[in-house]
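[1] predicted model, plus sequence, below.
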Amino acid sequence: FVSCVTIKLNLCSPNTPSLNTLPLDGHFNFHEVHHAARDFGNRYQFLPMAVLHPKTVSDIATTIKHIWDMGPHSELTVAARGHGHSLQGQAQTQRGVVINMESLEGPEIQVYTGSSPYVDVSGGELWINILHESLKYGLAPKSWTDYLHLTIGGTLSNAGISGQAFRHGPQISNVHQLEVVTGKGEVINCSEKQNEDLFHSVLGGLGQFGIITRARISLEAAPARVKWIRVLYSDFAAFTQDQEHLISSENTFDYVEGFVIINRTGLLNNWRSSFNSKDPVQASQFKSDGRTLFCLELAKYFNLDKTDLINEEVENFLSRLSYIRSTLFMSEVAYIDFLDRVHVSEIKLRSKDLWDVPHPWLNLLIPKSKIHTFAEEVFGSILTATSNGPILIYPVNRSRWDNRTSVVIPEEHIFYLVAFLTSAVPSSTGTDGLEHILTQNKRILEFCETAHLGVKQYLPHYTTKKEWQAHFGPRWEAFVQRKSAYDPLAILAPGQRIFQKAIPFS
Ligand SMILES: Cc1cc2nc3c(=O)[nH]c(=O)nc-3n(C[C@H](O)[C@H](O)[C@H](O)COP(=O)(O)OP(=O)(O)OC[C@H]3O[C@@H](n4cnc5c(N)ncnc54)[C@H](O)[C@@H]3O)c2cc1C
Ligand SMILES: Cc1ccn(-c2ncnc3[nH]cnc23)c1
């Protein structure tokens, strides 16, 4: 009954414009609002008034222009929704309009071969589809996320980071051009050379300055195969030293990541479980004695003409690392299978009804000089039981990130991503329950604050202006300036909760 009343209230909210009268190619749906009020985090559900299924960019521009023309007294906001894999409601809007970006039709994925190949795609396109299409030409994007069932607009609004970022930078460092619909309903093409301030604002801009409707992404020759390696360390200093050596070397591995394995029980949880190898180089049974272990994950790309050389090359690179020799685990997979590896975990988790659960994730960017202090306190004390999901840890080079974009990163030349990718067991009150995990996240953040570690959140979530100001630090003024330039009525991406739509008292 409540939900019917809620929907009814939304339809009758005082400022509901006659959206249905807009001359659109697409359409509004006033009934599927519950789907648009959910995301991967499964923790927030803001009910919109309607969902727009745009066929064309003009549908998006017309709708935003209509709301812009209503002026500051309208309460209507607009949330672009890519694949809805946000964690804390960032693609949602209370009583506003959700734009289903995946409905966008128009030119298919267009791959341009040549000396500097690139691909033109819709902002609502999934990276997995871009990979399939570009592989037809022996090409692929250079920089990825670990999971590919995310949209261009969603990842470029954050950064898009994975184990290739140390060399190619995050995905926002591999964009040539964007088409953007601003908060005034203007459709603007932007790049390094044209409307460059809008271009840099939108990259990592948390959806605040415009809706990405098309993007031109840099491509490279795609390798056929991947040597996929995991080795273990018990010594954190040796682990980080090797990771930092690898991201500073020219010709070694093509992907550098890592995991933390918390196991107080001493039973080594099957750290190879998500390692879907077909012909692994079996690691002899390694006995862990309850110590926290650190797994270095590497990938070396190669083509079929180098099959007999690659093993020798990889062994040579590995010989310089100081991992526990009996823990080498190596397999060989096709490039697409390596890149789509997390989808394998998704299928397993869905089969156990463990995918659509609350995900209280915490993603941190930590300066190199503080990573040992962080590790000692967090992995040594705060994290007690086994983790409730993967804990990623790997360094990247700040030089591959562009200061002019909106993404907030630590000041140091090398900083780490540490990602607590936890899944909560619904209605559990134990160490795998939501409350316990949220308390643990809070303790981690409080430690970072009191120890002045200079940590920044990736995929940031704050609920007060004071916290957002602290997040942006000296860049807050520029961020506000950009908002007033491109979305002065604060219509866009209200789910990030950075700017509240200031409705003056009438
Ligand atoms: C299983 C999983 C694995 C992940 N792995 C990684 C990883 O390895 N590396 C990494 O960097 N991130 C990773 N992420 C985080 C992911 O990049 C972000 O959550 C991303 O925003 C999700 O993309 P989406 O298309 O679902 O965006 P949505 O959740 O739909 O939207 C995200 C934000 O962007 C805005 N937005 C969406 N589309 C557009 C657009 N076209 N123009 C402007 N703004 C838009 C939304 O309003 C919202 O504020 C992962 C997430 C999941 C669930
Ligand atoms: C919800 C889930 C299940 C597995 N994962 C992941 N596993 C490994 N690396 C990841 N990176 C992002 N999500 C990841 C995330």
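    Right, received. Where do you want to start? Ligands and ions are numbered 1, 2, ... in the order given.
[2] so the longest strand belonging to the chain, near ligand 1 or not?
    When the chain is parsed with DSSP state E, its longest strand is strand 210-221. Yes - on the criterion C-beta under 6 Å from any ligand atom, strand 210-221 is in touch with ligand 1 at 211, 212. C-beta coordinates here come from the backbone N, C-alpha and C atoms, glycine included.
[3] by contact count, what packs against that strand?
    helix 57-69, strand 78-81, strand 118-122, strand 139-141, helix 152-156, strand 175-182, strand 187-191, helix 196-202 (3 or more C-beta pairs under 8 Å, 6 or more residues apart in numbering; DSSP states H and E).
[4] out of these, which gets nearest to residue 51?
    strand 78-81 (8.1 Å; C-beta to C-beta).
[5] now that closest one: mean pLDDT?
    The pLDDT scores in strand 78-81 average 98.
[6] packing partners of it?
    Against strand 78-81 (3+ C-beta pairs under 8 Å, 6+ apart) you get helix 57-69, strand 97-100, strand 210-221.
[7] quick one: strands adjacent to the last one?
    So the one you mean is strand 210-221. Strands that pair with strand 210-221, judged by DSSP bridges, come out as strand 118-122 (antiparallel), strand 139-141 (antiparallel), strand 175-182 (antiparallel).
[8] give me the contacts around stretch 199-208.
    If you take C-beta atoms under 8 Å, 6 or more residues apart in numbering as the criterion, stretch 199-208 is touched by 79-80, 90-91, 153, 156-159, 172, 175, 177-178, 180, 190-192, 209-210, 212, 402, 404-408, 460, 479, 482-483, 485-487, 492-493, 496, 498-499.
[9] wasn't residue 404 part of a helix?
    No - counting by DSSP: H, G, I helix; E, B strand; the rest coil, residue 404 falls outside a helix, being coil.
[10] confidence score at it?
    pLDDT, read off for residue 404, is 98.
[11] I'd like to know how many residues surround it.
    For residue 404, the tally of surrounding residues (other C-beta atoms under 10 Å) stands at 13.
[12] equivalent analysis for residue 113, please.
    12.
[13] wait, it sits on residue 119?
    No - applying C-beta atoms under 8 Å as the test, residue 113 and residue 119 come out as separate, 10.1 Å apart.
[14] just send the strands paired with strand 210-221 back as JSON lines, with mean pLDDT too.
    Output for these, formatted as JSON lines (pLDDT from 0 to 100):
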{"stretch": "strand 118-122", "mean pLDDT": "98"}
{"stretch": "strand 139-141", "mean pLDDT": "98"}
{"stretch": "strand 175-182", "mean pLDDT": "98"}
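[15] including distance to residue 353 and mean neighbour count, could those go into JSON lines?
    Output for those, formatted as JSON lines (distance: least, C-beta to C-beta, whole Å; neighbours: other C-beta atoms under 10 Å):
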{"stretch": "strand 118-122", "distance to residue 353": "32", "mean neighbour count": "23"}
{"stretch": "strand 139-141", "distance to residue 353": "32", "mean neighbour count": "22"}
{"stretch": "strand 175-182", "distance to residue 353": "37", "mean neighbour count": "22"}
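[16] make TSV from the ones you listed and add distance to ligand 2 to it.
    What follows is these, written out as TSV (distance: least, C-beta to the nearest ligand atom, whole Å):
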stretch	distance to ligand 2
strand 118-122	22
strand 139-141	17
strand 175-182	21
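[17] next secondary structure after the lowest-mean-pLDDT helix or strand in the chain?
    Every helix and strand in the chain was compared by mean pLDDT, DSSP states H and E; the lowest is helix 2-11, with a mean of 37. On the C-terminal side of helix 2-11, the closest following helix or strand by DSSP states H and E is strand 27-29.
[18] in the longest strand of the chain, what counts as buried?
    For strand 210-221, a neighbour-count test (16 or more other C-beta atoms under 10 Å) marks 210, 211, 212, 213, 214, 215, 216, 217, 218, 219 as buried.
[19] tabulate the strands paired with strand 210-221 (CSV), appending distance to residue 311.
    Formatted as CSV, the strands paired with strand 210-221 follow (distance: least, C-beta to C-beta, whole Å):
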stretch, distance to residue 311
strand 118-122, 33
strand 139-141, 24
strand 175-182, 36
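[20] residues in the chain within reach of ligand 1, list them.
    So the chain meets ligand 1 at 39-40, 79-86, 90-91, 101, 123, 145-147, 150-151, 153-155, 157-162, 206-207, 211-212, 342, 459, 493, 495-496 (C-beta under 6 Å from any ligand atom).
[21] wait, doesn't residue 107 sit right on residue 179?
    No - in this structure, residue 107 is not within contact of residue 179 by C-beta under 8 Å, at 10.9 Å.
[22] helices along the protein, start to end?
    2-11, 57-69, 127-135, 152-156, 165-168, 196-202, 236-248, 307-319, 335-339, 341-351, 371-377, 434-450, 465-472, 476-486 (DSSP state H).
[23] pull the longest one out as PDB, backbone CA atoms only.
    The one in question is helix 434-450. Extracted as PDB, the C-alpha positions of helix 434-450 are listed here (Å, rounded to 0.1, in the frame of the first residue of the first chain):
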ATOM      1  CA  LEU A 434      26.200  -5.400   7.700                       C
ATOM      2  CA  GLU A 435      26.500  -3.700  11.000                       C
ATOM      3  CA  HIS A 436      29.800  -5.400  11.900                       C
ATOM      4  CA  ILE A 437      31.300  -4.500   8.500                       C
ATOM      5  CA  LEU A 438      30.100  -0.900   8.700                       C
ATOM      6  CA  THR A 439      31.600  -0.600  12.100                       C
ATOM      7  CA  GLN A 440      34.900  -2.000  10.800                       C
ATOM      8  CA  ASN A 441      34.900   0.400   7.900                       C
ATOM      9  CA  LYS A 442      34.300   3.300  10.300                       C
ATOM     10  CA  ARG A 443      37.200   2.200  12.500                       C
ATOM     11  CA  ILE A 444      39.500   2.000   9.400                       C
ATOM     12  CA  LEU A 445      38.400   5.600   8.300                       C
ATOM     13  CA  GLU A 446      38.900   6.900  11.900                       C
ATOM     14  CA  PHE A 447      42.400   5.400  12.100                       C
ATOM     15  CA  CYS A 448      43.300   7.100   8.700                       C
ATOM     16  CA  GLU A 449      42.000  10.400  10.000                       C
ATOM     17  CA  THR A 450      43.700  10.400  13.400                       C
END
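[24] contacts for that helix?
    43, 358, 360, 362, 364, 366, 374, 377-378, 382-383, 388, 420, 422, 424, 426, 428-430, 453, 455.
[25] ok, and which of those residues reach ligand 2?
    Applying C-beta under 6 Å from any ligand atom to the contacts of helix 434-450, none is adjacent to ligand 2.
[26] angle of the longest strand of the chain against helix 57-69?
    Angle of strand 210-221 versus helix 57-69, following axes from the mean of the first three to the mean of the last three C-alpha atoms, to 10 degrees, is 150 degrees.
[27] so for strand 210-221, mean pLDDT?
    98.
[28] with stretch 252-271 instead?
    Across stretch 252-271, the average pLDDT comes to 80.
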